[in-house]
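> how would this look folded up:
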Amino acid sequence: MKRSFILSVSACFFLVLSFSFVLSLSNPPLLGVHPLDEKYFAREVIMCKDDSKSFTRDRLNDDFCDCVDGTDEPGTSACPAGKFYCRNIGSTPQFIFSSRVNDRICDCCDGSDENDGSLNCPNTCIMGGTVEYKTDHRFSRVQDLGHLDTKQTKNGVTLDDFIQKVKGFLKVIIIVQLVIASVFVVCRIFHRCARSKRRRHR
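This next block holds a predicted model:
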């Protein structure tokens with residue numbers, strides 16, 4: 001009885017741990033930041049990229065410009081010199097001027113530049129990355145500033161797009177493995193409990 005209780009508690013703990021890991025994987029990336037810069041912004045104290053000063057992580061995207069070069073506001077329009085990175089998964093990633101963030105015009109095909117809730121931009125990125133989305137200039141504008149080196153593979157898919165797809169695929173594999181492992185552990189516990197009950201009744 002005591003052993004089955006310990007096994008049940010262990011299984012519950014394993015399930016909670018698995019689901020918290022899955023939730024941590026599903027956290028959205030930092031708004032307006034290129035994937036290669038995510039580690040740069042993961043520190044508690046972050047240097048402005050022009051080395052002029054530093055700021056704490058809680059001042060990141062707080063809608064107040066601390067760095068002249070806009071390092072601290074990648075996801076807002078607070079810094080005039082800032083750049084916002086559109087991930088545009090399924091299409092061409094791009095940088096836009098930060099002045100275009102939350103200006104009520106959908107510049108990124110994934111709609112990430114309009115993130116204050118005042119405008120609902122549909123995700124119009126075309127999956128596969130081989131077809132470039134053509135926008136209707138009455139409602140949106142698309143401009144690549146040329147600051148992003150989007151190296152393309154032979155079939156036209158950008159390297160960033162490929163990396164994002166691989167990350168997504170790996171997340172799905174990890175989630176499936178965790179679910180299978182959780183089901184296996186629970187089934188094993190119930191099987192042992194049933195066997196121990198049968199032994200006691202003999």
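> Helices along the protein, start to end?
Here the chain has its helices, by DSSP state H, at 2-25, 159-201.
> By mean pLDDT, show me the worst of those.
The weakest mean pLDDT among the helices of the chain belongs to helix 2-25, with a mean of 52.
> burial measure for residue 37, as a count.
15 (other CB atoms under 10 Å). The way it works is simple: take the backbone N, C-alpha and C, and place the C-beta from them, glycine included.
> ok, residue 171 to residue 165 distance?
Separation of residue 171 from residue 165 (CB to CB, to the nearest Å) stands at 11 Å.
> Give me the more crowded residue out of these two.
Under the neighbour definition other CB under 10 Å, residue 171 and residue 165 were set side by side, and residue 165 has more, 16 against 13.
> OK, contacts around that one?
Listed by CB atoms under 8 Å, 6 or more residues apart in numbering, the contact partners of residue 165 are residue 89.
> cool, residue 190 as well?
Counting by CB under 8 Å, 6+ apart, residue 190 has no contacts.
> how near is it to residue 41?
45 Å.
> quick one, what contacts the nearest residue to residue 98 once chain neighbours are set aside?
Leaving aside its sequence neighbours, residue 98 sits nearest to residue 82 (CB to CB, 6 or more residues apart in numbering; 3.3 Å). Counting by CB under 8 Å, 6+ apart, residue 82 touches 65, 69, 70, 73, 74, 76, 97, 98.
> which one of those is nearest residue 182?
residue 74 (36.8 Å; CB to CB).
> tally of neighbours for the closest residue in space to the closest one that isn't next to it in sequence?
Counting by CB to CB, 6+ apart, residue 74 lies nearest to residue 32, which is 3.7 Å off, once chain neighbours are set aside. The number of residues packed near residue 32 is 26, by other CB under 10 Å.
> Repeat that for the one 10 residues further on.
Applying other CB under 10 Å, we find 10 residues neighbouring residue 42.
> Tell me the pLDDT of it.
Value for residue 42, per-residue pLDDT: 90.
> how near is it to residue 111?
Counting by CB to CB - residue 42 and residue 111 are separated by 25 Å.
> again with residue 87
11 Å.
> Show me which of the two is the more surrounded one.
Per other CB under 10 Å, whichever of residue 87 and residue 111 has more neighbours is residue 87, with 22 against 19.
> phi, psi of the more buried one?
Note on residue 87: backbone dihedrals following degrees, to the nearest 10 are phi -70, psi -40.
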